[in-house]
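**Student:** Sequence plus predicted model, see below.
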Amino acid sequence: MARISVERRRDLLVAAAFRVIADHGVEAATTRRISAEADMSLASFHYAFESRNELLAELVARGTSDEFAAITAPLTPPARSVDPWTLPDDIGELLKAGLTSYLDSVVADPGREAAMITLAQYARRTAGLEHFARRLYERYYEIAQASLEAAAEAMDVCWATDPQELAPLVVAATDGLTLAYLNTGDRDVAERIIDSTVAMLRGHVTPR
């Protein structure tokens with residue numbers, strides 16, 4: 001392939017790895033197969049990543065980063081908006097907007113989310129890779145906690161329950177809506193999970 005930067009090679013290999021894992025599973029995601037999917041030589045793979053495990057770690061980092069960006073998107077004003085940008089009047093509306101933004105990302109790229117789920121299950125049952133699954137969920141909890149804290153700060157309210165304790169409940173909800181959508185393609189079911197999650201979270205909000 002044409003001469004490109006290391007970062008671009010990494011981007012192409014990460015995208016290819018997500019596709020291969022989503023379609024064929026982690027076991028099938030060999031360096032050779034990923035390289036072929038990215039239209040690269042095996043030598044190019046090792047120019048960008050030292051090992052397959054380093055690539056798997058990058059998948060976890062990229063996947064969780066994208067999910068965090070989706071959830072927090074409603075807290076971020078449009079980069080080039082000419083209209084006044086305002087937050088909702090109620091934290092429940094903001095929480096629903098964040099979870100809906102996450103759902104939109106699942107709908108837009110179900111393969112990536114399928115790959116993340118497959119990667120977590122593979123790591124959990126593979127000796128020496130257990131830390132990938134553990135780190136993935138630690139990162140999910142961190143994202144949920146940060147999102148809850150940012151939402152409360154934006155709406156000038158407090159959480160009666162520590163966001164660190166609420167975070168696993170939010171992750172359980174996002175896991176549920178992700179699996180529901182991936183397995184059925186029924187967005188209505190996923191949106192009902194969002195509504196129930198927001199109703200639960202409202203019960204933990206208190207005035208500042």
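**Tutor:** Yep, it's here.
**Student:** C-alpha only now, for contacts and for neighbours.
**Tutor:** OK.
**Student:** show me the contacts for Leu55.
**Tutor:** Taking CA atoms under 8 Å, 6 or more residues apart in numbering as the definition of contact, the neighbours of Leu55 are Val14, Phe49.
**Student:** hmm, 10 Å instead?
**Tutor:** Leu55 is in contact with Arg10, Leu13, Val14, Ala17, Thr31, Phe45, Ala48, Phe49, Ala61, counting by CA atoms under 10 Å, 6 or more residues apart in numbering.
**Student:** so which of those residues comes closest to Asp104?
**Tutor:** When the contacts of Leu55 are compared for distance to Asp104, the smallest value, 19.9 Å, is given by Ala61; criterion: CA to CA.
**Student:** so that closest one touches Tyr137, yeah?
**Tutor:** No - here Ala61 lies out of contact with Tyr137, judged by CA atoms under 10 Å, at a distance of 11.5 Å.
**Student:** more neighbours, the two?
**Tutor:** The residue with the greater number of neighbours, taking Ala61 and Tyr137 and applying other CA atoms under 10 Å, is Tyr137; the counts read 17 against 14.
**Student:** Quick one: residues contacting the more buried one.
**Tutor:** Tyr137 makes contacts with Val60, Thr64, Ala120, His131, Ile143, Pro168, Val171, as judged by CA under 10 Å, 6+ apart.
**Student:** Then it would be within a helix, right?
**Tutor:** Yes - assignment of Tyr137 by DSSP: H, G, I helix; E, B strand; the rest coil places it within a helix.
**Student:** Look up how far Arg19 lies from it.
**Tutor:** Counting by CA to CA, to the nearest Å, the gap between Tyr137 and Arg19 amounts to 21 Å.
**Student:** tell me which residues of stretch 195-208 are tucked away?
**Tutor:** Along stretch 195-208, these residues count as buried under the neighbour rule (16 or more other CA atoms under 10 Å): Asp195, Thr197, Val198, Leu201, Val205.
**Student:** Return the distance of the third one relative to Gly92.
**Tutor:** The spacing between Val198 and Gly92, counted by CA to CA, is 6 Å.
**Student:** Kindly report the same for the first one.
**Tutor:** Asp195 is 9 Å from Gly92, where distance means CA to CA.
**Student:** got any residues that touch both of these two?
**Tutor:** Here Asp195 and Gly92 have Leu201 as joint contacts, going by CA under 10 Å, 6+ apart.
**Student:** host element of the residue nearest the centre of the chain?
**Tutor:** Note on the chain: the residue nearest the mean C-alpha position is Glu67, at 2.9 Å, using CA atoms, centre = their mean. Counting by DSSP states H and E, the secondary-structure element that holds Glu67 is helix 52-72.
**Student:** Centre of the chain to that helix, how far?
**Tutor:** Helix 52-72 sits 7 Å away from the centroid of its parent chain (CA atoms, centre = their mean, to the nearest Å).
**Student:** Buried residues of the helix or strand just after it, list them for me.
**Tutor:** Going down the chain from helix 52-72, the next helix or strand is helix 91-108, by DSSP H and E. Taking 16+ other CA under 10 Å as the basis for neighbour counts, the residues of helix 91-108 that come out buried are 91-92, 94-103, 105-107.
**Student:** Mind giving me the packing neighbours of helix 91-108?
**Tutor:** helix 52-72, helix 110-124, helix 130-155, helix 163-184, helix 187-202 (3 or more CA pairs under 10 Å, 6 or more residues apart in numbering; DSSP states H and E).
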